[in-house]
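Student: With the sequence up front, the predicted model follows.
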Amino acid sequence: MAGDKYHQERLETPPPPAGCPMHATWSPLNEDYLAEPYAIAAQLRDDHPVFYSEELGYLVVTEMRELERIFTDHETFASVNVQDPVFPLTEETKAVLSAPDFNPVAVMSNRPEPDHGRIRKYTRQGFSNKRIKTLEPFIRRRGNQLIDQMLSGGSPAEFVEEFAFPLPGETVFRFIGFPEEDDEMLKNWCGDRKAFSWGKPTAAEQAEIAGQMLSYWRYCREFTAARRDDRSDDFTSELIDAHEANPDDITYREVESVVYGLSFAGHEAVTAAFCNTLLCLLPRRDVWAEICADPSLIPNAIEEVMRFNSSQIGWRRLTTVDTKVGDFDVPAGTPIFMNFAGANRQPDIFDAPDDFDIHRPNAAHNISFGKGVHYCLGARFAKYETQVMTEMLAERIPSLRLVENQDLSYFPNINFRGPTKLMVAWD
């Protein structure tokens with residue numbers, strides 16, 4: 001089962017493809033790219049649709065058509081590495097994660113076919129429109145409570161701490177079934193997870209995060225065991241029911257691992273999406289006025305946010321056989337970094353791609369949630385949450401605006417993008 005581990009250390013990779021353009025210094029972790037990736041990504045795309053990043057050690061793909069091909073050919077381009085650390089683990093970190101009871105298995109984003117499809121049919125049921133709709137009362141009730149707290153504290157306010165971080169986390173915890181009294185502990189354990197799989201933490205940071213992951217896994221196992229004995233109206237109980245009805249089709253360890261994976265993945269990108277939505281809408285006062293006057297414009301506006309300033313601007317794959325990427329022969333075992341930032345603003349697909357347009361007819365053609373069998377299971381959930389958030393803020397604080405001249409910073413990682421802090425004000 002070693003190949004099915006949820007987190008695996010990066011294996012030795014083959015040399016760069018012969019004749020492939022080499023970039024000695026570019027990495028998605030570079031400070032200039034983290035601060036403003038889109039102009040750099042467009043130049044990379046225009047210079048070389050496919051190139052090799054020496055700093056990252058990955059083949060980089062920047063053009064929409066090739067990204068879509070890679071996503072849809074899941075047999076040649078496996079998803080097995082998407083949760084793995086980008087850089088080697090320290091011996092101290094390995095020791096932490098070698099605990100006998102730390103044994104989550106790959107289940108969704110990083111599980112290849114046919115097992116991915118076998119598990120997904122049960123998790124997809126949990127993400128039905130019916131289940132999502134049952135969460136709307138909680139989202140609106142808790143969202144309005146957070147708005148009340150933010151307003152009572154006075155203008156200006158820091159939006160991530162006041163709203164964008166707590167609401168998505170608490171929503172996914174209610175979806176899974178975690179009790180409210182554990183929210184703060186769980187959010188603390190989640191806080192730095194993206195550094196482990198998608199960043200470049202220091203040795204000390206890596207070991208500390210590994211300890212949090214171990215605690216988180218143990219919590220998820222204990223919670224799942226408790227739900228096995230005492231079911232409720234939540235996603236975990238549904239998965240346990242599915243396991244007991246089909247024990248050979250979805251194992252108990254897979255149920256535990258889905259809970260472990262979802263409880264992080266279900267909110268990190270949504271927090272970023274909340275912030276990126278405000279970064280797109282609030283500086284454009286005429287657009288914000290349109291949204292406030294006509295909330296029916298919000299769904300397409302959210303699609304345009306996902307295209308123009310996505311909360312996820314990269315993802316990974318690993319070649320399983322010798323193949324071609326672009327014009328180059330690529331050996332099996334080559335890690336691929338799929339750079340969405342250039343593709344989502346590709347001028348032959350999107351007219352005036354650097355303009356933010358909530359009326360754009362093909363905004364939903366963005367690649368931010370992937371494509372094919374691994375299309376993000378939570379995409380509909382994330383967009384729905386972001387839509388409800390936008391509706392509430394437009395209705396309750398139409399004078400909401402960004403504090404001028406604030407410096408935005410972004411947590412260094414290769415996939416997710418949203419400001420760590422965002423100051424907002426109102427009249």
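Tutor: Great, that's in hand.

Student: my guess is Gln206 meets Val86, correct?
Tutor: No - applying C-beta atoms under 8 Å as the test, Gln206 and Val86 come out as separate, 11.3 Å apart. For every residue, glycine as well, the C-beta is placed using N, CA and C.

Student: Surely Arg131 forms part of a strand?
Tutor: No - counting by DSSP: H, G, I helix; E, B strand; the rest coil, one finds Arg131 to be helix, located in no strand.

Student: quick one: the strands in the stretch 201-350 of the chain?
Tutor: Per DSSP state E, counting those that start in this stretch, the stretch 201-350 of the chain carries strands over the ranges 314-319, 323-325, 328-330, 335-339.

Student: List the strands paired with the third one, with their directions.
Tutor: Looking back up the chat, that one is strand 328-330. strand 323-325 (antiparallel) (DSSP bridges).

Student: Also the longest one?
Tutor: Each strand pairing with strand 314-319, determined using DSSP bridges, is listed with its direction: strand 77-78 (antiparallel), strand 335-339 (antiparallel).

Student: okay, those strands in JSON lines with distance to Glu254 next?
Tutor: As requested, these are exported to JSON lines (distance: least, C-beta to C-beta, whole Å):
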{"stretch": "strand 77-78", "distance to Glu254": "18"}
{"stretch": "strand 335-339", "distance to Glu254": "25"}
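
Student: which stretch among the ones you listed comes nearest Phe173?
Tutor: strand 335-339 (29.7 Å; C-beta to C-beta).

Student: what's in contact with that closest one?
Tutor: Residues outside strand 335-339 that contact it (C-beta atoms under 8 Å, 6 or more residues apart in numbering): 10, 13, 28, 41, 44-45, 53, 56-62, 67, 70-71, 77, 81, 313-319, 325, 414.

Student: from those, which would you call buried?
Tutor: 28, 41, 44-45, 53, 56-62, 67, 70-71, 77, 81, 313-319, 325, 414 (16 or more other C-beta atoms under 10 Å).

Student: Could you look up the SS state of Leu59?
Tutor: Leu59 ends up strand, using three-state DSSP.

Student: That one and Ser310: what is the separation?
Tutor: From Leu59 across to Ser310, the span is 21 Å (C-beta to C-beta, to the nearest Å).

Student: now swap in Glu256 and tell me
Tutor: Counting by C-beta to C-beta, the separation of Glu256 from Ser310 is 31 Å.

Student: Flag the shaky bits of this protein, pLDDT-wise.
Tutor: For the chain, the stretches with pLDDT under 70 are 1-3, 10-11, 126, 191, 263-266.

Student: Now for it: which helix has the highest residue count?
Tutor: The longest helix of the chain (DSSP state H) is helix 252-281.

Student: List the buried residues for it?
Tutor: Quick answer for helix 252-281 (16+ other C-beta under 10 Å): 253-281.

Student: How about stretch 116-129?
Tutor: 116, 119-120, 122-123, 126-127.

Student: okay, the residues you listed in CSV with secondary structure and distance to Asp248 next?
Tutor: Converted to CSV, these look like this (DSSP: H, G, I helix; E, B strand; the rest coil; distance: C-beta to C-beta, whole Å):
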residue, secondary structure, distance to Asp248
His116, helix, 17
Ile119, helix, 13
Arg120, helix, 16
Tyr122, helix, 13
Thr123, helix, 17
Gly126, helix, 20
Phe127, coil, 23
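
Student: Please work out how many residues are found near the residue nearest to Val259 when sequence neighbours are not counted.
Tutor: Among residues not flanking Val259 along the chain, Cys220 sits closest, at 4.8 Å (C-beta to C-beta, 6 or more residues apart in numbering). Neighbour count for Cys220, taken as other C-beta atoms under 10 Å: 24.

Student: For stretch 321-332, what is the distance to the chain centroid?
Tutor: 27 Å (C-alpha atoms, centre = their mean, to the nearest Å).

Student: Report the separation between the two terminal residues of that stretch.
Tutor: End-to-end distance for stretch 321-332, by C-alpha to C-alpha, to the nearest Å: 4 Å.

Student: What strand or helix carries Phe51?
Tutor: Per DSSP states H and E: Phe51 is located in strand 50-53.

Student: now what about that strand, what contacts it?
Tutor: By C-beta under 8 Å, 6+ apart, strand 50-53 touches 16-17, 20-23, 26-27, 44, 58-63, 66, 325-328, 337.

Student: ok, the residue positioned nearest the centre of the chain - contacts?
Tutor: With the centre of the chain defined as its mean C-alpha position, the nearest residue by C-alpha atoms, centre = their mean is Ala269, 4.1 Å away. For Ala269, the contact set (C-beta under 8 Å, 6+ apart) comprises 311-312, 382, 416.

Student: With neighbour count and distance to Lys133 as extra columns, can I get the residues you listed in JSON lines?
Tutor: Output for the contacts of Ala269, formatted as JSON lines (neighbours: other C-beta atoms under 10 Å; distance: C-beta to C-beta, whole Å):
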{"residue": "Ser311", "neighbour count": "24", "distance to Lys133": "23"}
{"residue": "Gln312", "neighbour count": "22", "distance to Lys133": "24"}
{"residue": "Ala382", "neighbour count": "24", "distance to Lys133": "15"}
{"residue": "Phe416", "neighbour count": "20", "distance to Lys133": "27"}
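
Student: Report the two of the residues you listed separated the most.
Tutor: Pairwise over the contacts of Ala269, using C-beta to C-beta, the maximum falls at Ala382 and Phe416, 11.8 Å.

Student: my read: Ala207 touches Val96, true?
Tutor: Yes - judged on C-beta under 8 Å, Ala207 makes contact with Val96 at a distance of 6.0 Å.

Student: before we move on, back to that, would you reformat the contacts of Ala269 as JSON lines and include distance to Ala195?
Tutor: Below are the contacts of Ala269 laid out as JSON lines (distance: C-beta to C-beta, whole Å):
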{"residue": "Ser311", "distance to Ala195": "17"}
{"residue": "Gln312", "distance to Ala195": "16"}
{"residue": "Ala382", "distance to Ala195": "21"}
{"residue": "Phe416", "distance to Ala195": "11"}
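
Student: what's the closest of these to Leu167?
Tutor: Nearest to Leu167 among the contacts of Ala269 is Ala382, at 12.2 Å by C-beta to C-beta.

Student: What sits closest to the closest one if chain neighbours are left out?
Tutor: Excluding the flanking residues, the one nearest Ala382 by C-beta to C-beta, 6+ apart is Val270, at 5.0 Å.

Student: who's in contact with that neighbour?
Tutor: By C-beta under 8 Å, 6+ apart, the neighbours of Val270 are 168, 171, 311, 382, 385-386.

Student: which two in the residues you listed are spaced the farthest apart?
Tutor: With C-beta to C-beta as the measure, no two of those lie farther apart than Thr171 and Ser311, at 15.4 Å.

Student: Need phi/psi at Gly19.
Tutor: The phi and psi torsions at Gly19 (degrees, to the nearest 10) take the values phi 80, psi 0.
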